[in-house]
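1. Need a 3D model of the following:
(2 chains)
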There are 2 protein chains.
Amino acid sequence: MTTFAIPPLDDEAIAAALARHGRLAKPAGSLGRLEALGVQLAGISGACPPPVPSTVTVAVFAGDHGVVASGVTPWPQEVTAAMVGAFAAGSAAVNALARGVGAEVLVVDVGVASDVPAHPAVLHRKVRRGTDDLALGPAMSLDDAQAAIAVGADVARDAIARGADCLVTGDMGIGNTTPSAALIAALTGRSPEALTGRGTGIDDDMLRRKRKVVVDAVRRADGLPPLDLLAEIGGLEIAAIAGYIAAGAAQRVPVVVDGVIALAGALVADALTGGAVRPYLVGGHRSVEPAASAALEHLGLEPLLDLGLRLGEGTGAVLAVPLVQAAARVLAEMATLDELLG
Amino acid sequence: MTTFAIPPLDDEAIAAALARHGRLAKPAGSLGRLEALGVQLAGISGACPPPVPSTVTVAVFAGDHGVVASGVTPWPQEVTAAMVGAFAAGSAAVNALARGVGAEVLVVDVGVASDVPAHPAVLHRKVRRGTDDLALGPAMSLDDAQAAIAVGADVARDAIARGADCLVTGDMGIGNTTPSAALIAALTGRSPEALTGRGTGIDDDMLRRKRKVVVDAVRRADGLPPLDLLAEIGGLEIAAIAGYIAAGAAQRVPVVVDGVIALAGALVADALTGGAVRPYLVGGHRSVEPAASAALEHLGLEPLLDLGLRLGEGTGAVLAVPLVQAAARVLAEMATLDELLG
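-> Numbers count the residues shown, from 1 in each chain, chains lettered A, B, ... in the order given. Okay, here's the model as predicted:
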């Protein structure tokens, strides 16, 4: 099994960044949450000022979900593969937003149900053709879950080896708010009914069905250790995101986390590493999905943006990247009060 | 007197943008507030998709305030001029953040109390050496207020003539949260006590003094028309921001508004133009100053960011620029569902 050796943040760099914020030419605390974020980046990088992240990788992990057969979404499963095509062609929302911040988009087929055509922008790392229907039994085997985690970890390590200094999570998978809500309920202890949301927009009947699936899954998974829980509920892209986050943290790279799917992956990574990934996470945005807020709270993350997004793909996290860069930049480029008045 | 002919937004472009958002390859409404912002940019530019703002100007208007003599801030007035030096040298927070988004920073001395050394990055447009103490009488004459408005309008027109397609407000002036709170209370009808905040961080005694100054000024200014109100309360940089906003709107350029000082200027521009500037405004962020939220609500603006900033300089608005660009970019670059599935 893939294990992750994740170091704690660098206390010396944190202390230096806190002190530097106190000396910069501005009233103490006047840059609000940008200050805490800059301190976190110093702790992650072990340097004050921290380097400004300049090589940003967005990995969009795509997988399908057998639970679509239980009627939890109005979208046909084929949309997952179609969107993989859009990511590869650069014409999806996340591509447009990534271009805006100069980030690279990697598309990773970790479990799309159909064949994904070869394309230079797609990493073909399919573990299996979608999960089984979690309403009927385990979504996948322990081996599959581990393999999907390893895919995510490999993608993170490769990106970092090529120079990435900031990782962004992305996801695509029709039906994936169902396992995400179940995983988040199981890992936070919150009510699965309350955490089940409308995803991309479903009606009341479908929401009732989805709630029942989530409630039953959480009950069935009660008490399982994290990896078994992940296998029981799914999905493949969530497992890959967990591995991607843990591998990023292990290499001291900040990971900007997107919405509810990414947060399910972050909670899995958190559980698998005994909380060691937590200091490396940056909450990109607050998705409107109720489970997202529960996961953010559990992880102690206050997201940078709250724009009512519920698209996924990594869109909310990509939008937050300039704020992460800004937080590092003020520590690096602002004059101190002494320099100004001296 | 400078007057502004501000056209309404382009209804046809708005309708086209709304329709396009419905056809893009994403669930309806899933990009949240980015969608409304994109529609606004279409209406402002008269085109769908709207051009992605690429030449962004941040104008930092600097002025001093006679009210510092009444003990409303712990900072000495000399800090205004020192910060002008920092803006010119590129070492203030707003410079660091503007570099991050590729924006130009213009520094405009519209009313600094002391001499500002010549510097290629500073526009010397001093109307007078600071305002008079608004605790004792009118902050400035009507002529001065008009001259300061004209300075701001000129700066906007010059920037647009040089290619700016997005304006950002910035400000510097020790003591300027006092006139800002008074102007916002007077123009929104809200309680001046409740709207007076701690600015850059003042103690309880100082806050009591500041409240009394604000309450007395609002009482004295009761019923004055907008220009007279501006002259009575000040300040020069607030007047310049009002002119800058109105001139930007007159030339159909979006204006991203910063915190409480900028919002006081926006309310003045709103009052002077009978509300015509309003559709051109983008709320950059929610400052922690209580008057900021009152002004945002009055102007119908939901700010893009809420990061606990209270620095001014334009920092919160500059941070929001990538979101404005992103809103235009999704309309321009995303595939429609038909293109994707066709």
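
2. residues in contact with whatever residue of the stretch 101-250 of chain A ends up closest to chain B?
-> Residue of the stretch 101-250 of chain A nearest chain B, by C-beta to the nearest C-beta: A:Thr200 (3.9 Å). For every residue, glycine as well, the C-beta is placed using N, CA and C. With contact taken as C-beta atoms under 8 Å, 6 or more residues apart in numbering or on different chains, A:Thr200 is in contact with A:73-75, A:177, A:310, B:27, B:30.

3. Next, count neighbours for A:Ala36.
-> Residue neighbour count, defined by other C-beta atoms under 10 Å in any protein chain shown, stands at 18 for A:Ala36.

4. got it, and A:Glu297?
-> Neighbours of A:Glu297 (other C-beta under 10 Å): 12.

5. Point out where chain A drops to low pLDDT.
-> Confidence mapping of chain A against pLDDT under 70 gives the ranges A:1, A:342.

6. what's the residue most central in space within it in contact with, if anything?
-> What sits nearest the mean C-alpha location of chain A, by C-alpha atoms, centre = their mean, is A:Ala262, with 3.1 Å. Contacts were defined as C-beta under 8 Å, 6+ apart; by that measure A:Ala262 touches A:169-171, A:241, A:284, A:314, A:317.

7. Pipe those residues into JSON lines and attach secondary structure, neighbour count and distance to A:Ile233 per row.
-> Formatted as JSON lines, the contacts of A:Ala262 follow (DSSP: H, G, I helix; E, B strand; the rest coil; neighbours: other C-beta atoms under 10 Å in any protein chain shown; distance: C-beta to C-beta, whole Å):
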{"residue": "A:Thr169", "secondary structure": "strand", "neighbour count": "35", "distance to A:Ile233": "18"}
{"residue": "A:Gly170", "secondary structure": "strand", "neighbour count": "31", "distance to A:Ile233": "20"}
{"residue": "A:Asp171", "secondary structure": "strand", "neighbour count": "29", "distance to A:Ile233": "15"}
{"residue": "A:Ile241", "secondary structure": "helix", "neighbour count": "37", "distance to A:Ile233": "14"}
{"residue": "A:Gly284", "secondary structure": "coil", "neighbour count": "30", "distance to A:Ile233": "23"}
{"residue": "A:Gly314", "secondary structure": "coil", "neighbour count": "34", "distance to A:Ile233": "22"}
{"residue": "A:Ala317", "secondary structure": "helix", "neighbour count": "32", "distance to A:Ile233": "23"}
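
8. Could you pull up the residues touching the residue nearest to A:Gly46 when sequence neighbours are not counted?
-> What sits nearest to A:Gly46 in space, not counting adjacent residues and going by C-beta to C-beta, 6 or more residues apart in numbering or on different chains, is A:Asp10, at 3.9 Å. Counting by C-beta under 8 Å, 6+ apart, A:Asp10 touches A:42-47.

9. next one: A:Gly199
-> Residues in contact with A:Gly199, defined by C-beta under 8 Å, 6+ apart, are A:72-73, A:177-178, A:210, A:289, A:310.

10. between those, which has the most around it?
-> Neighbour max across the contacts of A:Gly199 (other C-beta under 10 Å) = A:Thr177, 31 neighbours.

11. Return the distance of it relative to A:Gly300.
-> From A:Thr177 across to A:Gly300, the span is 23 Å (C-beta to C-beta, to the nearest Å).

12. and what of A:Val101?
-> Distance from A:Val101 to A:Gly300, counting by C-beta to C-beta: 25 Å.

13. Counting neighbours, what do you get for A:Ala19?
-> Counted by other C-beta under 10 Å, the residues lying close to A:Ala19 total 10.

14. Please, where are all the helices along chain A?
-> Under the criterion DSSP state H, chain A contains helices at A:11-23, A:33-45, A:78-89, A:93-101, A:142-161, A:177-188, A:192-195, A:204-220, A:226-233, A:236-250, A:260-272, A:290-299, A:315-333, A:337-341.

15. and these, which is most packed in?
-> Most buried of the helices of chain A, by mean neighbour count (mean count of other C-beta atoms under 10 Å in any protein chain shown): helix A:236-250, with a mean of 32.

16. which residues does the residue in the stretch 1-150 of chain A that chain B sits nearest to contact?
-> Closest to chain B within the stretch 1-150 of chain A is A:Gly32: 2.9 Å, counting by C-beta to the nearest C-beta. The contact partners of A:Gly32, by C-beta under 8 Å, 6+ apart, come to B:288, B:307-310.

17. in terms of contact, does A:Pro8 touch A:Pro279 like I think?
-> Yes: in this structure A:Pro8 lies within contact range of A:Pro279 using C-beta atoms under 8 Å: 7.1 Å.

18. So for these two, which residue has more residues nearby?
-> Taking other C-beta under 10 Å, A:Pro8 and A:Pro279 do not tie; A:Pro279 has more neighbours (17 against 8).

19. Please tell me how far the closest residue to the more buried one other than its chain neighbours sits from A:Ile245.
-> Spatially, and ignoring its direct neighbours in sequence, A:Pro279 is nearest to A:Leu9 (4.8 Å; C-beta to C-beta, 6+ apart). Between A:Leu9 and A:Ile245 the computed distance is 15 Å (C-beta to C-beta).

20. try A:Pro322
-> From A:Pro322 to A:Ile245 the distance is 21 Å (C-beta to C-beta).

21. Just read off the phi/psi values of A:Lys126.
-> phi -60, psi 120 (degrees, to the nearest 10).

22. so how far is A:Val116 from it?
-> Between A:Lys126 and A:Val116 the distance is 8 Å, computed by C-beta to C-beta.

23. Need the residues touching each of these two.
-> Common contacts of A:Lys126 and A:Val116 (C-beta under 8 Å, 6+ apart): A:Asp109.

24. Quick check: chain neighbours aside, which residue is closest to A:Val60?
-> That would be A:Gly170: by C-beta to C-beta, 6+ apart, it lies 3.5 Å from A:Val60.

25. That neighbour: what's it in contact with?
-> A:Gly170 neighbours (C-beta under 8 Å, 6+ apart): A:58-61, A:94, A:105, A:258, A:262, A:312-314, A:317-318.

26. Cross-check the contact I'm expecting between A:Leu337 and A:Ala25.
-> Yes: the criterion here is C-beta under 8 Å, and A:Leu337 meets it with A:Ala25 at 4.8 Å.

27. which neighbours do the two share?
-> Overlap of the contact sets of A:Leu337 and A:Ala25 (by C-beta under 8 Å, 6+ apart) is empty.

28. Now for A:Leu340: which residues touch it?
-> By C-beta under 8 Å, 6+ apart, A:Leu340 lies in contact with A:25, B:82-83, B:85-86, B:91.

29. swap the cut-off to 10 Å and go again
-> Counting by C-beta atoms under 10 Å, 6 or more residues apart in numbering or on different chains, A:Leu340 touches A:24-25, A:334, B:79, B:82-83, B:85-86, B:89, B:91-92.

30. Dump those to CSV, plus distance to B:Pro192.
-> Listed next are these as CSV, based on distance: C-beta to C-beta, whole Å:
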residue, distance to B:Pro192
A:Leu24, 32
A:Ala25, 31
A:Met334, 34
B:Val79, 25
B:Ala82, 30
B:Met83, 27
B:Gly85, 34
B:Ala86, 32
B:Ala89, 37
B:Ser91, 36
B:Ala92, 30
